[in-house]
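S.K.: Have a look at this prediction, sequence included:
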There are 2 protein chains.
Amino acid sequence: MDEATAFAPGHVTAFFAPYPDRDPVRSGSRGAGIALSDGVEVTVTPAAAGEPDRPDDAGLASLELDGAAAEMEPVSRVLAELNVAAEVEVDSDVPVGAGFGVSGAAALGTALAANAAFDLDRSENDLVRVAHAAEAAAGTGLGDVVGQFRGGLPVRLEPGAPGYGRMDGVPARPRIEYVSFGELSTERVLGGDLDPVREAGEAALTRLMRAPDELELFAAGREFAGEAGLLVPEVAEAVEAVEAEGGLASMAMLGRTVYALGTGLSDAGYDTEACPVHPTGATLRTEG
Amino acid sequence: MDEATAFAPGHVTAFFAPYPDRDPVRSGSRGAGIALSDGVEVTVTPAAAGEPDRPDDAGLASLELDGAAAEMEPVSRVLAELNVAAEVEVDSDVPVGAGFGVSGAAALGTALAANAAFDLDRSENDLVRVAHAAEAAAGTGLGDVVGQFRGGLPVRLEPGAPGYGRMDGVPARPRIEYVSFGELSTERVLGGDLDPVREAGEAALTRLMRAPDELELFAAGREFAGEAGLLVPEVAEAVEAVEAEGGLASMAMLGRTVYALGTGLSDAGYDTEACPVHPTGATLRTEG
């Protein structure tokens, strides 16, 4: 047993139609998003058994997020489900709580790295299933994990973990810019009536799959944000500024974050982060 | 319309159980393999219409393979199915006809690049389906394309293109060494009775999925090669030399090629190529 490291891309949801289910592997959402090459690196180290300050009960991990002690329920749930005790170090390129799916990435990275560190002999589908179910059960996300495993511009055709849901993808790999204005409470936004969100999400998915390219992904996301009534003021202002320059942008669901195609945000004068779409998806760090 | 480039990893099949079908999207194999970061780069350039020496009928592509004019039926079939005329340039890191799935990689790369070059607005699943069907219809392969799209150590749980087959993966990314002794006629090998191959392939898949890690993948592949009676003399000799040093190796299905885990072949004194497993899978070249 040794430490192992995995990477999972950040994931911005462009639009979604939520389908929560009592069974967390069936819980999920239909929708589409963007996997970013900016993402989350997770290192899992088996916890030393027997040391009094390091209980080796499964699921009781110490966790560091960007160098500071933190709690992430999906990560604890993954370790408990895999029946291992570990120290987990999460380093994120993208801001936490701002709509980049950091909790999903941390759960997925933990599953992949723990499998390697403990020689658990799980398959990839199994590990994605464990991470997806941990996110769904924790209430922190419904679609990031499966999108982060697929990479690129992932489309959730049917909700749920591998074996339940069904994925496709938009075969384009554009440059993405993003600016984040801080955290947004998912609970507050999604506490109300989900029907209008679901209806707008379904309409956006139908629209995208008629012509699955990156322009349509942005346009469908933008339409969704307006119709679902989810735009927050600073983000709406930035989206309009990008559009005034002829660019395409929308709001990360759900975060106080705007993302744009190509140079949309810098053209509009914003001081922006930029990265390519992550070509493929989460993976154990390669050797050799 | 502009040129576009895509990359598809080389794919070594460790073991397989063939299930040919009259319908090429349902045709396929169960089995497992290794996607290599050594692979195939494909550039698609829309053919100039109207020039007398460049007919723009769909599917009539000029093709260069490693700088020389060549024919590749799966590539022509992909272009015909997509209803476009293009020049295709295929550059391969791995030897052709030696069990690395170059024809599948060329078909898949052509589909991804042609979609981008011609703005075809197909989804990823659609493009993989077109490439898989082209390979199956041409008789050049049954499982490379879906493995090359997934990347890593891909497992074909059920045969066929996306929407028909079902994939999983072994979550490990080891270093691979390989030595090729030249071409092998797939037709000659598979012209006979397929039942023993299918039986050995099914046994190997059952074995692997009980403990899906890289050691088991190599062991299952080695057992399959022996039981299916497919080992050729030079390859058998190299496999035994690796095993004599305590390493793991087997024969690429189907090619006069031996592949080994880690430093297996160099430890046995072979002058070998080496590369990491391709972490994820085929993709359009990223921008930005």
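M.R.: Right, received. Where do you want to start? Everything numeric here is computed off the predicted structure, so don't read it as measured data.
S.K.: can we go C-alpha only for contacts and neighbour counts from here?
M.R.: Fine.
S.K.: residues from chain A in reach of chain B?
M.R.: A:112, A:115-116, A:121-125, A:168-175, A:209, A:211-213, A:262, A:275-277, A:279-288 (C-alpha under 8 Å from any C-alpha of the partner chain).
S.K.: Just the buried residues from those residues, in PyMOL please.
M.R.: PyMOL command restricting the residues of chain A next to chain B to the buried ones, with burial defined by 16 or more other C-alpha atoms under 10 Å in any protein chain shown:
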select buried, chain A and resi 112+115+116+121+122+123+124+125+168+169+170+171+172+173+174+175+209+211+212+213+262+275+276+277+279+280+281+282+283+284+285+286
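S.K.: where along the stretch 51-200 of chain A do the strands fall?
M.R.: Taking DSSP state E, counting those that start in this stretch, the strands of the stretch 51-200 of chain A run over residues A:62-65, A:68-69, A:86-92, A:153-158, A:166-170, A:175-180.
S.K.: Direction included, what does the longest one pair up with?
M.R.: When you say that, I think you mean strand A:86-92. Using DSSP bridges, the strands paired with strand A:86-92 in its sheet are strand A:28-46 (antiparallel), strand A:62-65 (parallel).
S.K.: Same check on the fourth one?
M.R.: Strand partners for strand A:153-158, identified by DSSP bridges, are recorded as strand A:28-46 (antiparallel), strand A:166-170 (antiparallel).
S.K.: For that strand, which residues meet the burial criterion?
M.R.: Buried positions in strand A:153-158, judged by neighbour count with 16+ other C-alpha under 10 Å: A:153, A:154, A:155, A:156, A:157, A:158.
S.K.: who does the first one bridge with?
M.R.: In this structure, residue A:153 has beta-bridge partners residue A:170, where bridges are defined by DSSP bridges.
S.K.: just residue A:177 next, same as before
M.R.: Using DSSP bridges, the bridge partners assigned to residue A:177 are residue A:260, residue A:274.
S.K.: ok, it - contacts?
M.R.: Shown in contact with residue A:177 (C-alpha atoms under 8 Å, 6 or more residues apart in numbering or on different chains): A:259, A:260, A:261, A:262, A:263, A:264, A:265, A:266, A:272, A:273, A:274, A:275.
S.K.: can we see that at 6 Å?
M.R.: A:259, A:260, A:273, A:274 (C-alpha atoms under 6 Å, 6 or more residues apart in numbering or on different chains).
S.K.: For the stretch 151-288 of chain A, give me the ranges with low pLDDT.
M.R.: Low-confidence segments of the stretch 151-288 of chain A (pLDDT under 70): A:186-190, A:286-288.
S.K.: let's go with 50 and repeat that
M.R.: Applying pLDDT under 50 to the stretch 151-288 of chain A flags the ranges A:288.
S.K.: same check, this time on the stretch 1-150 of chain A
M.R.: In the stretch 1-150 of chain A (pLDDT under 50), the answer is A:50, A:52, A:54-55.
S.K.: can you give me the helices for it?
M.R.: For the stretch 1-150 of chain A, applying DSSP state H, counting those that start in this stretch gives helices covering A:73-82, A:102-117, A:124-138, A:144-150.
S.K.: I'd like to know which of these is closest to residue B:28.
M.R.: Evaluated over the helices of the stretch 1-150 of chain A, closeness to residue B:28 peaks at helix A:124-138, with 20.3 Å, by C-alpha to C-alpha.
S.K.: just how off-centre is that closest one within its chain?
M.R.: Centroid separation between helix A:124-138 and its chain, computed with C-alpha atoms, centre = their mean, to the nearest Å, is 12 Å.
S.K.: again with stretch A:21-28
M.R.: On C-alpha atoms, centre = their mean, the centre of stretch A:21-28 falls 17 Å from the chain's centre.
S.K.: got the end-to-end distance for that stretch?
M.R.: From its first residue to its last, stretch A:21-28 covers 7 Å (C-alpha to C-alpha, to the nearest Å).
S.K.: Tell me which residues are up against it.
M.R.: Here stretch A:21-28 makes contact (C-alpha under 6 Å, 6+ apart) with A:19, A:20, A:133, A:136, A:137, A:142, A:143, A:159, A:160, A:161.
S.K.: Just send those back as CSV, with neighbour count too.
M.R.: Putting the contacts of stretch A:21-28 into CSV (neighbours: other C-alpha atoms under 10 Å in any protein chain shown) gives the following:
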residue, neighbour count
A:19, 16
A:20, 19
A:133, 28
A:136, 27
A:137, 21
A:142, 30
A:143, 31
A:159, 25
A:160, 30
A:161, 28
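S.K.: Tell me which two in these are the farthest apart.
M.R.: Spatial extent of these (C-alpha to C-alpha) is set by the pair A:137 and A:159 at 14.6 Å.
S.K.: Just the buried positions in stretch A:223-231, please.
M.R.: Within stretch A:223-231, judged by 16+ other C-alpha under 10 Å, the buried ones are A:223, A:224, A:225, A:227, A:228, A:230, A:231.
S.K.: ignore the last one, stretch A:93-102
M.R.: A:93, A:94, A:95, A:97, A:98, A:99, A:100, A:101, A:102.
S.K.: where's the third one relative to residue B:236, distance?
M.R.: Right, residue A:95. Residue A:95 is 53 Å from residue B:236, by C-alpha to C-alpha.
S.K.: same thing with the last one?
M.R.: Distance of residue A:102 to residue B:236, computed by C-alpha to C-alpha: 48 Å.
S.K.: residue contacts, residue A:278?
M.R.: Residues counted as contacts of residue A:278 (C-alpha under 6 Å, 6+ apart) are A:35, A:36, A:37, A:151, A:152.
S.K.: Run a quick neighbour tally on residue A:63.
M.R.: 20 (other C-alpha atoms under 10 Å in any protein chain shown).
S.K.: same check, this time on the one 10 residues further on
M.R.: The local packing count at residue A:73 equals 17, with neighbours defined by other C-alpha under 10 Å.
S.K.: Look up how far chain B lies from the closest residue to it other than its chain neighbours.
M.R.: Take residue A:73 and drop its neighbours on the chain: the residue closest to it by C-alpha to C-alpha, 6 or more residues apart in numbering or on different chains is residue A:138, 6.2 Å away. According to C-alpha to the nearest C-alpha, to the nearest Å, residue A:138 stands 24 Å off from chain B.
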